[in-house]
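> can you look at this prediction? I've put the sequence above it.
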Amino acid sequence: MTSPNIGLESQVAGEEVEKSITVFGTSHRVQGARKAAHLQHINDASYGRYLESQLRVNRFDFVFEEATGFGPTIAEDLATKFLGEGHYLDVDPPLKDRAKFGIPMLREDHTPIDPYGNEGFVGHQDLEGQAMREELWVKRCKEQTFTCALFICGFLHTLSLSFRLQAAGFSVERASTYMPYDKLGATKVSKAKVLVKPGDDTP
């Protein structure tokens with residue numbers, strides 16, 4: 001006897017499952033990338049606890065991360081622990097490999113607020129180069145098999161990456177940021193000469 005649910009099951013099986021992504025932007029200094037010697041790392045236990053809680057209670061089955069080949073990272077270790085091998089991908093190629101993907105080295109430019117003083121500076125983003133990086137990240141997301149993923153990136157990419165993922169057909173469930181300014185050394189802005197050095201958070 002034919003089951004009345006066979007047609008429904010086949011229809012569901014034939015449909016493309018919607019892929020959802022939660023974007024989580026933070027400082028590269030808390031990601032724990034063990035090969036990123038150029039960063040002033042911060043051992044932030046809160047960051048690790050938050051990621052662990054998200055992997056425990058949510059239905060994430062994959063973790064993407066902007067780690068630029070400097071891993072392993074805290075997120076990679078946790079993804080392996082809770083999701084198993086093969087459920088983590090560093091979407092950003094190492095600096096030396098970017099040219100293979102047509103991505104130029106990022107232009108680092110900034111304007112001192114007072115050329116003759118020490119009041120800090122205004123940083124300028126390389127829009128073209130950053131857009132090319134994000135487009136590659138989205139492409140790599142498309143190539144992976146998953147249903148619900150966590151995407152960790154530098155906080156400056158949070159919104160632009162979320163919009164780019166939506167435009168590519170992904171469901172972005174949430175776009176969040178975690179910037180522990182007290183731990184990053186920027187609590188007393190009036191006394192801070194330079195809050196972030198060029199290149200500290202934009203590899």
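Now that the structure is in, tell me what you want to look at. What you see is a predicted model; the values in this text were computed from it and never measured.
> need the strands for the protein, in chain order.
20-26, 62-65, 88-90, 109-112, 121-124, 148-154, 171-178 (DSSP state E).
> in a markdown table, list these along with mean neighbour count, mean pLDDT and distance to residue 136.
C-betas here are computed from N, CA, C, even on glycine. Converted to a markdown table, the strands of the chain look like this (neighbours: other CB atoms under 10 Å; pLDDT from 0 to 100; distance: least, CB to CB, whole Å):
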| stretch | mean neighbour count | mean pLDDT | distance to residue 136 |
| --- | --- | --- | --- |
| strand 20-26 | 22 | 98 | 15 |
| strand 62-65 | 24 | 98 | 12 |
| strand 88-90 | 22 | 98 | 12 |
| strand 109-112 | 11 | 87 | 22 |
| strand 121-124 | 14 | 87 | 22 |
| strand 148-154 | 23 | 98 | 12 |
| strand 171-178 | 14 | 97 | 18 |
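> among the ones you listed, which comes closest to residue 41?
Residue 41 lies closest to strand 20-26 among these, at 12.9 Å (CB to CB).
> so which elements touch that closest one?
On a contact count with 3 or more CB pairs under 8 Å, 6 or more residues apart in numbering; DSSP states H and E, strand 20-26 meets strand 148-154, helix 158-167, strand 171-178.
> residues in contact with the last one?
If you take CB atoms under 8 Å, 6 or more residues apart in numbering as the criterion, strand 171-178 is touched by 18-26, 30, 47, 50, 148, 155, 158-159, 162, 165-166.
> pLDDT weak spots in this structure?
The model of the chain has pLDDT under 70 over residues 1-16, 186-203.
> 80 - rerun?
Applying pLDDT under 80 to the chain flags the ranges 1-17, 186-203.
> what's near enough to touch the residue lying closest to residue 55 once chain neighbours are set aside?
The shortest distance from residue 55 to any non-neighbouring residue, by CB to CB, 6 or more residues apart in numbering, is to residue 82 (4.4 Å). Applying CB under 8 Å, 6+ apart to residue 82 gives the contacts 52, 55, 56.
> now residue 84
No contacts exist for residue 84 under CB under 8 Å, 6+ apart.
> measure it to residue 171 for me?
Residue 84 sits 24 Å away from residue 171, going by CB to CB, to the nearest Å.
> can you name the residues that contact residue 65?
31, 71, 73, 75, 76, 88, 89, 90, 91, 151, 152, 153.
> what about 6 Å?
By CB atoms under 6 Å, 6 or more residues apart in numbering, residue 65 lies in contact with 75, 90, 152.
> looking at the helices and strands packed on strand 20-26, which is nearest to residue 95?
strand 148-154 (14.2 Å).
> pairing partners for that closest one, with directions?
strand 20-26 (parallel), strand 62-65 (parallel) (DSSP bridges).
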